[in-house]
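Visitor: Make a model of this:
(chains A, B and C)
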Amino acid sequence: MSTPEIQTRDLAVKEKFRLSRFLVRWEMILVYILAAINLLLVILRPNLYFESGTIQSIIRSGMDISVMVLGMIFVLMLGDIDVSVGAIMIVSCMVMGLLLDAGAPAAVAIIAGIAAGGLCGVFNGVLVARFRMPAVIVTIATSMLFRGVAEIVMGENTLKNFPDWFSTLAWGDLGGLIPYSMLFFLAVAVIFAVVLHKTKFGRELYIIGNSSTVAQYSGIRVVRIKIIVFAVMGVSAALSGILFAGRLKGISSGMGTGYELKAIAIAVLGGVSTNGGKGKAYGPVIAVFIMAFMTKTLDLLNVHANIQIIFQGIILLIAVMIPMFNKEFFDGLKLRFVFMGDKNIEAISRRSAKEQQELKAGIAEVYADRSLTEGERKAKVNEYNADIAASKKKCRDDIKRAKDELKARRKNVV
Amino acid sequence: MKKNNILRKILNYKEFGLVIALIVLLIAALFINKSFFTFGNISRTLTNNSVFAILTVGIMFVLITGGIDISIGSILAVSGVSVTELMIMNNSIPPIVLILAGIAIGAACGLINGFLVGKMKIVPMIVTLGTMYVFRGLAFVITQGAWRFPHMFTEAFASYAKTEILGFDAIVFWAVGLFIVAGLFLGYTRPGRRLYAIGTSSESSKVAGIREDNVKILAYVLCGACAGLAGALYAANYLTVSSDIGKGYEMTAIAICILGGVSITGGRGRMDGVVIAVILMSVITSLLSMIPGYSVWQDALQGAIIIVAVIVNIANGSLADKRALRERGNRI
Amino acid sequence: MNDCILELNDVVKTFGGVTALSGVQFRLKRGEVHALMGENGAGKSTFIKVITGVHQPDSGTILLEGKRITLKNTVESQKLGIAAIYQHVTSFPDLSVAENIFMGQEILTKAGTYNWRAMRREARKYIEPLSPEIDVTKPMSTLSVAQQQLVEIAKALSRNARILIMDEPTASLTRHECEELYSIVDRLKADGVSIIFITHKFEDMYRVAGRVTVFRDSQYIGSWDVNEISNAKLIEAMVGRELNQLYPEKTSEIKQEVLRVEGLYKEGYFKDISFDVRAGEVLALTGLVGAGRTEVCQTIFGIMKPDKGRILLDGKEIKINSPADALRYGIGLLPEDRQLQGLVYELPIYQNVSAPVINNFVKRGLISVKDEMAKAIELCRKIKLKAKDIAAPPSSLSGGNQQKVVFAKLLNCDLKVLILDEPTKGIDVGAKNSIYEIINELTASGYAVIMVSSEMPEVLGMADRIVVMRSGRVAGCFNIEDATQEKILAASLVKSDEKGGSAV
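Guide: The predicted structure is shown next:
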């Protein structure tokens, strides 16, 4: 069977784009959810939905956390986690605000703020990658540390001296139509998506996330990349901070708590696994919009913000449960209920299924064989069909016998 | 000879570093503010930290199995508001029944977590992140957004936590009692030891015939029950309740456990370490509040302490590795 | 009439498409020590797992004292008195020795709490005859491997095991520890315990076993009384083929020296390691498991840092701080464990193949997947990979084909030196042959190859020169013309009180 032709078979990818596969991809499911929420909103509040400015305000409301989600994709991709991002955001806002208060030019303040976020990230990254401390512990501790520093420096003060264009960015629309904040988010998202899916760095993230040992053996500088990822996370928290400061127009040390967990929730809803190495950048981008629209829809339904989080939680849980209903899950059910929990019986069924598959492949071969006459072909196909039927019957009988045997044995034990 | 032995035992004591840190702090306290050592202050410090202490015990159960539970702050809220509403609805319910109700509510919340982690095999971090939202929302649903203030509390419940026994508030005895019960449970009962077993090696547990899923459910139920108890006592102690209570407490509780030597990867963690860590954190908080203007340093300091503690832990581990290598090297 | 305590007939077990046991039979008599031998991947481990209920056979019967049994899990096998001591000890490292022994069958007080005192006492009762030094209150992780194994034996005894399976118990024991283990096994035998003793060492077999059964390529080959079968015959049964049949003709021409290692030293692992390898040559690094071969390779590849010593490439000293450095210098490593170190099972084959050289396919900052795939296809054709297509995940391949993907990954780099750590571990015979062909082609095209191998026939069949390691030192160097199985064995075997290991 193993002729040289088969051995050096064509390895090129033959499978082309399949619509049916595409339509059930996680990203597409998220699109459906988003569409469904929109539809719900249209049905419930048609006037409001088509009123000018509604959609924009919905989108704007979800944008302050959006950039942070992008950074979180990278961190989760590594199989790590960062719960200090809310605190980092406040720290970088604080640096910006204090410099602006001191009269520094806006550009300097922003660069310093972003640098502060990046430095916080590097601090996390060094502890996680170089000292090999678990990311959860490190970032729980640093979130206290960073927020603590903000509390010490700011005290009870509120920083308000942000440039006007911060609030334009957060509240304004381009040409009265497209929110600047969304453009900002999408611009950053494109960069993140390209980096993750098209560049060496992104590929290395996937490899590290799946197995950092393999990555190391492949000559990938794991420690360096981890530190960079945490730094990027810090920077994206700082960018989120710009939108946050613009939206709230004032920053105090207690703000932004819970953002870290919300960002993780959105990323996970977007299909990024917390175990690392799985997921795409597009999912979380859509999930950001889902969150915004869901929040607003619930608002319009007069559901209080504190009750909305119930939906957030449930959606998150459902999202992580969906991939569990896979082949193994159904195999498990079948083993338990059809095969009486006996793996021997399962094996009989499996073997027989394989046998039948081979016979069916035989039929396909017969059809493909052009040298046969119609009659010969029919005869052969019939032969195969008879074999399949026999195999099926044998399988049924075998299973029945095995089950009876099992029952008898179980009775004996009792 | 005998003396030497005791000395070595002390030096080998796992929580030796923590004890030293505590002693150093207490000496510092002597210089900072003598009134730290007044009975009133000590009693007050213990009262103020009892709720945290109870939460810490709860999360310890989960951490030992190698899991994590960040929903305990929300469970505390659910229990706290439910108990308060119950009390307002029916003034005649005795406080102890209210507290038991709080424990039951917490345990029910924990059961949901446990089911999702144990049976559905979802990552604990994500499960409890999800239920953290759900429970917090639930607390709001129960209160309908209302705040409850001291004048709404019944006399019996309002005085319950503050009942003084031997000069300490009753709530302190709850915490101390829980420490003892939990310590015995973890050290001397089959289910308690199984928490350690699945945390130290899930593979070996399977070989030993331990039902990992059930043990996990137990851990989360216990954790929930502790959070429920903490919620009821929170209400009784502070007499001001809204659906926002206990926000962020989960992180502090986890932090104290880590400081107390509980391993976040499971299998390791002792009650004595956690007790010392709770005391250490309480002392720090209390001291900071006594120096004018320094109470804001608390968060930053706690974070820094955890980082240092973990680094010391890791350094210790790598030293031990080096020693083992040298021993092997001698055999080559 | 039935003096068999355990009998297995026609046991078949497959995993996916791979047959791990095909129609195996086995008879264990009451109170005997029965050695089970065979090469790596012969099916011994699967066989044990079937007996202990970890795996369920696809077909075949297991008879315990003449009665047919079905084992659904390890708990059931334990109840029937079957206990296994695995090669990688399955213990609870953070828990105490006493607790490890009694986990699952704790002694409780009347109140239902742990009776620590009774458990410690009982644990001492079981442990002390085996080894009086073990402190039952210490955590398991503080014990040496040998001591942990004794704890496992104590655990089995505490459960009244009638059948004890020991999976290569002497693999990582010192000579002295081996002797102790032999006497313990003798004692158990005298107490009426039936023992299945899996081993690679002839000495183990001669010392403890009465009968020996050999598996090869997932099949039952035969059973003999130990004193009736000669070494040579046993080896033939285990290897089952003429050596030269399997190994392709050499075509390479040995040229100049490429890599030289001088006085390499790493505390706790190896000392004074010096050797060199030339272009077109296969240098075999052999010796017993645990002799430090893998660690030497990892040090050259930059995974571990040496404490002392020099590495010279083309006569110039180089400093290697990471695998990235090693690859840049042209040194590649095929790791020992392809599942943990070699391949990402979830990513497509072509991404695995290009993992170390992603830079080669970057155009204007972006990866050109087309180029990447084309190169991967070219390489995989060269090594005759059997796969659905180049985007299939490696998890869908057989062990041999997975190993080929790792080869393709290395070939993608611009290398001079290839270090192959157990390249045919866990691979079936047919695939082994094609791996050997690949290795020969590589040397023919000028690569210098360092091959770590525990399999003597492979070493003799493939190598040009052989370096034998023992207990972290170079114990001998041979040219292939002078090397014989006996000489290598003698060099790798251990003088008294050094570390021991496997011998085939």
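
Visitor: Poorly predicted segments of the stretch 1-150 of chain B, please.
Guide: B:1-5, B:7-14 (pLDDT under 70).

Visitor: so which residue of it comes closest to chain C?
Guide: Among all residues of the stretch 1-150 of chain B, residue B:64 sits closest to chain C, at 9.7 Å; criterion: Cβ to the nearest Cβ. (Each C-beta comes from the backbone N, C-alpha and C, glycine too.)

Visitor: tell me the SS of residue C:276?
Guide: strand (DSSP: H, G, I helix; E, B strand; the rest coil).

Visitor: That one bridge partners, please.
Guide: The partner list for residue C:276 in beta bridges (DSSP bridges) reads residue C:260.

Visitor: Now do the contacts for residue C:254.
Guide: By Cβ atoms under 8 Å, 6 or more residues apart in numbering or on different chains, the contact set of residue C:254 is C:278, C:279, C:280, C:281, C:464.

Visitor: quick one: buried residues of the helix or strand encompassing residue C:21?
Guide: Per DSSP states H and E: residue C:21 is located in strand C:18-29. Residues C:19, C:20, C:21, C:22, C:24, C:26, C:27, C:28, C:29 are the ones in strand C:18-29 that count as buried (16 or more other Cβ atoms under 10 Å in any protein chain shown).

Visitor: re earlier: next, give me the two most distant ones among the contacts of residue C:254.
Guide: Farthest pair in those (Cβ to Cβ) is C:279 and C:464. Separation: 11.3 Å.

Visitor: What segments of the stretch 151-300 of chain C are strands?
Guide: With DSSP state E, counting those that start in this stretch, the ranges of strands along the stretch 151-300 of chain C come out as C:163-167, C:194-198, C:211-216, C:219-225, C:257-266, C:270-278, C:282-287.

Visitor: Please convert those to a markdown table, extending it with mean pLDDT.
Guide: Listed next are those as a markdown table, based on pLDDT from 0 to 100:
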| stretch | mean pLDDT |
| --- | --- |
| strand C:163-167 | 90 |
| strand C:194-198 | 91 |
| strand C:211-216 | 88 |
| strand C:219-225 | 88 |
| strand C:257-266 | 91 |
| strand C:270-278 | 91 |
| strand C:282-287 | 90 |
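
Visitor: Let me know how buried the residue nearest to residue B:289 when sequence neighbours are not counted is, in neighbour terms.
Guide: Nearest non-adjacent residue to residue B:289, counting by Cβ to Cβ, 6 or more residues apart in numbering or on different chains: residue B:295, 4.9 Å away. By other Cβ atoms under 10 Å in any protein chain shown, 14 other residues sit near residue B:295.

Visitor: Quick check: which element contains residue B:295?
Guide: Residue B:295 is part of no helix or strand when elements are defined by DSSP H and E.

Visitor: Now do the same contact list for whichever residue of the stretch 1-150 of chain A sits closest to chain B.
Guide: Chain B sits closest to residue A:148 of the stretch 1-150 of chain A, with a gap of 2.5 Å, by Cβ to the nearest Cβ. Applying Cβ under 8 Å, 6+ apart, we find residue A:148 in contact with B:296, B:297, B:298, B:299, B:300, B:301, B:302, B:303.

Visitor: and the third one, what does it touch?
Guide: Residue B:298 makes contact with A:148, B:284, B:285, B:288 under the criterion Cβ under 8 Å, 6+ apart.

Visitor: Check it and give its pLDDT.
Guide: pLDDT for residue B:298: 82.

Visitor: gap between whatever helix or strand it lives in and the chain center?
Guide: Using DSSP H and E, residue B:298 falls within helix B:297-331. In terms of Cα atoms, centre = their mean, to the nearest Å, the centre of helix B:297-331 is found 23 Å from the chain centre.

Visitor: what about the helices in the stretch 101-250 of chain B?
Guide: B:124-143, B:155-160, B:170-188, B:190-200, B:202-207, B:212-238, B:249-259 (DSSP state H, counting those that start in this stretch).

Visitor: Kindly report the same for the stretch 401-504 of chain C.
Guide: Assigned helices in the stretch 401-504 of chain C, in chain order: C:429-444, C:456-462, C:485-492 (criterion: DSSP H, counting those that start in this stretch).

Visitor: Tell me which of the ones you listed sits nearest to residue C:413.
Guide: So among the helices of the stretch 401-504 of chain C, helix C:429-444 is nearest, using Cβ to Cβ, at 12.5 Å.

Visitor: Do stretch A:298-310 and chain B come into contact?
Guide: Yes. Residues of stretch A:298-310 contacting chain B under Cβ under 8 Å from any Cβ of the partner chain: A:304, A:306, A:307, A:308, A:309, A:310.

Visitor: First-to-last residue distance for that stretch?
Guide: Stretch A:298-310 has an end-to-end distance of 11 Å (criterion: Cα to Cα, to the nearest Å).

Visitor: How far does that stretch sit from its chain's centre?
Guide: With Cα atoms, centre = their mean, you get 24 Å for stretch A:298-310.

Visitor: Likewise for stretch C:317-334?
Guide: 26 Å.
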